[in-house]
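Visitor: no sequence on this one, just coordinates:
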């Protein structure tokens, strides 16, 4: 069945450095890729999404890139801050209109 | 604007007990979802409702039932709780099924002894 892989599972960066999280998906028909941030004790919150007709999208310090040929997409966070510490999930919409989530990346930003 | 509200926030059950998790959204969304979140496994879809009056199984439906009571409310029922159902349960909603962002509640933390 369809699946989404996500790496790394944990990531520690110094404040001000960049963080990159990578995901791959199996369903070549996937055309919508959201990213969620989950803070401790809270539900996931959408931070950025990208559709298959776009190769890159930016929103302030956050950017997402998509390589449809390779079936992978990445989240880039620049100038990281302590409040960026959270668990990040990538996801992909399958051809059956379901959204499959990756296993998550726990990001720690060290002041 | 509350978004997606889940009740209760915490619950402890004994094996074999039943309970219903409640979810309500005030965004006039058509589609609603129930997920469970376990360590290292991300979010797995239990059941979803594409629109009022319809429900369908997700990846892990065994041991659960759902009811889409109206457009706002979508409940999840455990008829006979098992320790394997210890998890954090999230309800979510979106305008339509598929390529629209989902809005999540803050979860119900359920422990089954």
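Guide: Ah, there it is. Treat the numbers as computed from the prediction; the structure is a model and nothing was measured. Residues are numbered from 1 along each chain as shown, chains lettered A, B, ... in the order given.
Visitor: all strands of chain B, in order?
Guide: For chain B, applying DSSP state E gives strands covering B:4-7, B:10-13, B:19-25, B:31-37, B:43-49, B:56-57, B:64-68, B:74-78, B:87-94, B:103-104, B:108-112.
Visitor: ok, and which of the ones you listed has the densest surroundings?
Guide: strand B:31-37 (a mean of 25; mean count of other Cβ atoms under 10 Å in any protein chain shown). Heads up, the C-betas are built off the backbone N, CA and C, glycines and all.
Visitor: Number of residues surrounding residue A:5?
Guide: 13 (other Cβ atoms under 10 Å in any protein chain shown).
Visitor: Surely it is in contact with residue A:102?
Guide: Yes. Residue A:5 is in contact with residue A:102 according to Cβ atoms under 8 Å; the separation is 6.5 Å.
Visitor: Common neighbours of these two, please.
Guide: Contact criterion Cβ atoms under 8 Å, 6 or more residues apart in numbering or on different chains; residues shared by residue A:5 and residue A:102: residue A:23.
Visitor: quick revisit: I'd like the strands of chain B laid out as a markdown table, including mean pLDDT and distance to residue A:49.
Guide: As requested, the strands of chain B are exported to a markdown table (pLDDT from 0 to 100; distance: least, Cβ to Cβ, whole Å):
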| stretch | mean pLDDT | distance to residue A:49 |
| --- | --- | --- |
| strand B:4-7 | 97 | 18 |
| strand B:10-13 | 96 | 31 |
| strand B:19-25 | 97 | 19 |
| strand B:31-37 | 96 | 16 |
| strand B:43-49 | 94 | 16 |
| strand B:56-57 | 94 | 23 |
| strand B:64-68 | 97 | 25 |
| strand B:74-78 | 98 | 23 |
| strand B:87-94 | 96 | 12 |
| strand B:103-104 | 96 | 13 |
| strand B:108-112 | 97 | 26 |
